[in-house]
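Q: coords please:
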Amino acid sequence: MADQRPVPPPPTGEGRSAVADRDPHDLLDRSGVRPDRPAAVEGLPPAGPDRATLRLALTVGGLVLAVLLGFGLGRANPGPGAPTGGAATTAGAATPGGEHSHAPGTGAHQHGSAVAGQPDPAEAGGLAVASAGYTLAPVGTAFTAGRPGEFRFRIRDAAARPVTRFAVVHDKPMHLIVVRRDLTGYQHLHPTMAADGTWSVPLTLAEPGAWRAYADFTALADDGRQTAATLGVDLVAPGDYRPRPLPAPATTATVDGFTVDYRGTPKVGTAVPLAFRVRTGDAPAALERYLGAYGHLVALREGDLGYLHVHPEPAPAGDPVTFWLTAPGPGRYRLYLDFQVAGEVRTAEFTLTVG
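A: The predicted model follows:
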């Protein structure tokens, strides 16, 4: 027989209003199914997720999207004045750890012409008196050959204002390289700056002729941005100029009883390691740190005197001093390796041909 139990009528009036006014999330029974929704029927797709599940999914999805967007924006925009190394300090007020530096493992680097605050290793610097928004403005350029003098200059910004804030790079805010146009008479100097932005350094041009001075620096803008640049200007010592030919290419040089050699063959547009060894007799020389490193290498190109200032990889004392050099073009170059032993800085010179 059919079940004759009476079927209760649907709720009306107060009872129906109470159900309709309740929050939908309160209508879940212990099985997790809302009484006002049919349960899944075998053979038919299950009912869609309830609002609680949707809300949870949207919240999690939003968090994931925010993380991904933040990561992408952080990579695309490191922020204004993103550092090229360590913290920068004002020239004349250097503090420990305030030099322009690089994280361990970044390897050696060289200073040429600056683009967007970083030198392009495939370009030679020092070919112009103005570059990267800065100008080298000498107070005077004439010297008497063989007589001690003083070289004074300023670095001016795009508005012709003297620049007074520079990053300390390898222990100094300014590196000044001076050489005669036949690539003799090399000098690596470190001027001092007055409060008005005028740099000065004692300078003697030993012989008559045309000379080239390179100011290698990293300027600090008001917003903290760093711009590395190398600017060049001609100096003159009137007299009988007799240029000397470059010595033949060689990988070994001697200076004051030290024998210096290197291994490596530079190539145009490709970074190649040059490993230098300094020896006294058969024993490695006791190199000392000079300007924060065990050696500094300057490369000048014959003809236009294009300039590269290369710094070494960090290495323990006694190991070969390794530089990564990118030749900006074919031709002959003169290499100048500065190293310090027993408190005295010496320079070994080499002629190099890049084909």
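
Q: Over to the closest residue to residue 194 other than its chain neighbours: give its phi and psi.
A: The spatial neighbour of residue 194 that comes closest, neighbours along the chain excluded (C-beta to C-beta, 6 or more residues apart in numbering), is residue 200 at 7.2 Å. Just so you know, the C-beta spots here come from the backbone N, C-alpha and C atoms, and that holds for glycine as well. With angles defined as degrees, to the nearest 10, residue 200 sits at phi -150, psi 150.

Q: And for residue 173?
A: Per-residue torsions, residue 173: phi -80, psi -20 (degrees, to the nearest 10).

Q: so it makes contact with residue 164?
A: No: taking contacts as C-beta atoms under 8 Å, residue 173 lies outside contact range of residue 164: 10.3 Å.

Q: Who has more neighbours out of those two?
A: residue 173 (28 against 18; other C-beta atoms under 10 Å).

Q: Show me the shaky parts of the stretch 51-200 of the chain.
A: The model of the stretch 51-200 of the chain has pLDDT under 70 over residues 51-122.

Q: all helices of it, in order?
A: Secondary structure of the stretch 51-200 of the chain (DSSP state H, counting those that start in this stretch): helices located at 51-76.

Q: Just the strands from it, written as ranges.
A: 99-100, 109-111, 114-115, 118-119, 130-131, 134-138, 149-156, 168-169, 174-180, 187-189, 192-193, 198-203 (DSSP state E, counting those that start in this stretch).

Q: likewise the stretch 251-355 of the chain?
A: Under DSSP E, counting those that start in this stretch, the stretch 251-355 of the chain gives strands at 252-255, 258-263, 272-280, 283-284, 296-301, 307-311, 321-325, 331-341, 344-354.

Q: Rounded mean pLDDT for the last one, please.
A: By that I understand strand 344-354. The average pLDDT within strand 344-354 is 98.

Q: So which bits of that strand are buried?
A: By neighbour count on 16 or more other C-beta atoms under 10 Å, the buried set for strand 344-354 is 346, 347, 348, 349, 350, 351, 352, 354.

Q: rewinding a little: tell me which of the strands of the stretch 251-355 of the chain approaches residue 214 most closely.
A: Taking C-beta to C-beta, strand 307-311 is the member of these nearest to residue 214, at 5.2 Å.

Q: Which neighbouring elements make contact with the closest one?
A: strand 109-111, strand 174-180, strand 209-220, strand 226-237, strand 296-301, strand 321-325 (3 or more C-beta pairs under 8 Å, 6 or more residues apart in numbering; DSSP states H and E).

Q: quick one: buried residues of that strand?
A: Buried residues in strand 307-311 (16+ other C-beta under 10 Å): 307, 308, 309, 310, 311.

Q: try stretch 269-281
A: Result for stretch 269-281 [16+ other C-beta under 10 Å]: buried residues 271, 273, 274, 275, 276, 277, 278.

Q: Please apply the same query to stretch 127-145.
A: 127, 131, 132, 134, 135, 136, 137, 138, 143, 145.

Q: The closest residue to residue 172 other than its chain neighbours: neighbour count?
A: The spatial neighbour of residue 172 that comes closest, neighbours along the chain excluded (C-beta to C-beta, 6+ apart), is residue 190 at 4.8 Å. Close neighbours of residue 190, defined as other C-beta under 10 Å, add up to 13.

Q: do the same with residue 292
A: Residue 292: 15 neighbours (other C-beta under 10 Å).

Q: And it, how far from residue 169?
A: 9 Å (C-beta to C-beta, to the nearest Å).

Q: same check, this time on residue 217
A: Residue 217 is 7 Å from residue 169, by C-beta to C-beta.

Q: joint contacts of the two?
A: Both residue 217 and residue 169 are contacted by 175, 228, under the criterion C-beta atoms under 8 Å, 6 or more residues apart in numbering.

Q: one step back: looking at the helices and strands packed on strand 307-311, which one has the lowest mean pLDDT?
A: Of all those, strand 109-111 has the smallest average pLDDT, which comes to a mean of 49.

Q: so who does the residue lying closest to residue 183 once chain neighbours are set aside touch?
A: Of all residues not flanking residue 183 in the chain, residue 334 sits nearest, at 4.3 Å (C-beta to C-beta, 6+ apart). By C-beta under 8 Å, 6+ apart, the contact list for residue 334 reads 183, 186, 246, 299, 300, 302, 349, 350, 351, 352.

Q: close enough to count as contact, the second one and residue 346?
A: I take that to be residue 186. No: counting by C-beta under 8 Å, residue 186 stays clear of residue 346, with 11.6 Å between them.

Q: Give me the neighbour count for the nearest residue to residue 272 once chain neighbours are set aside.
A: Nearest residue to residue 272, sequence neighbours excluded (C-beta to C-beta, 6+ apart): residue 266, at 4.9 Å. By other C-beta under 10 Å, 22 other residues sit near residue 266.

Q: For residue 328, see how far away residue 266 is.
A: 10 Å.

Q: Repeat that for residue 145.
A: 31 Å.

Q: Equivalent analysis for residue 143, please.
A: Distance from residue 143 to residue 328, by C-beta to C-beta: 29 Å.

Q: Averaged pLDDT, stretch 303-313. What do you get?
A: Per-residue scores along stretch 303-313 average to 89.

Q: then that stretch to CSV, C-alphas only?
A: In CSV, the C-alpha atoms belonging to stretch 303-313 read as follows (Å, rounded to 0.1, in the frame of the first residue of the first chain):
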residue,chain,number,x,y,z
GLY,A,303,95.5,57.2,-32.5
ASP,A,304,92.4,58.7,-30.8
LEU,A,305,93.6,57.8,-27.3
GLY,A,306,90.3,56.1,-26.4
TYR,A,307,90.4,55.3,-22.7
LEU,A,308,89.5,52.2,-20.6
HIS,A,309,90.0,52.1,-16.8
VAL,A,310,89.7,48.5,-15.7
HIS,A,311,89.5,47.2,-12.1
PRO,A,312,90.4,43.6,-11.1
GLU,A,313,88.4,40.8,-9.7
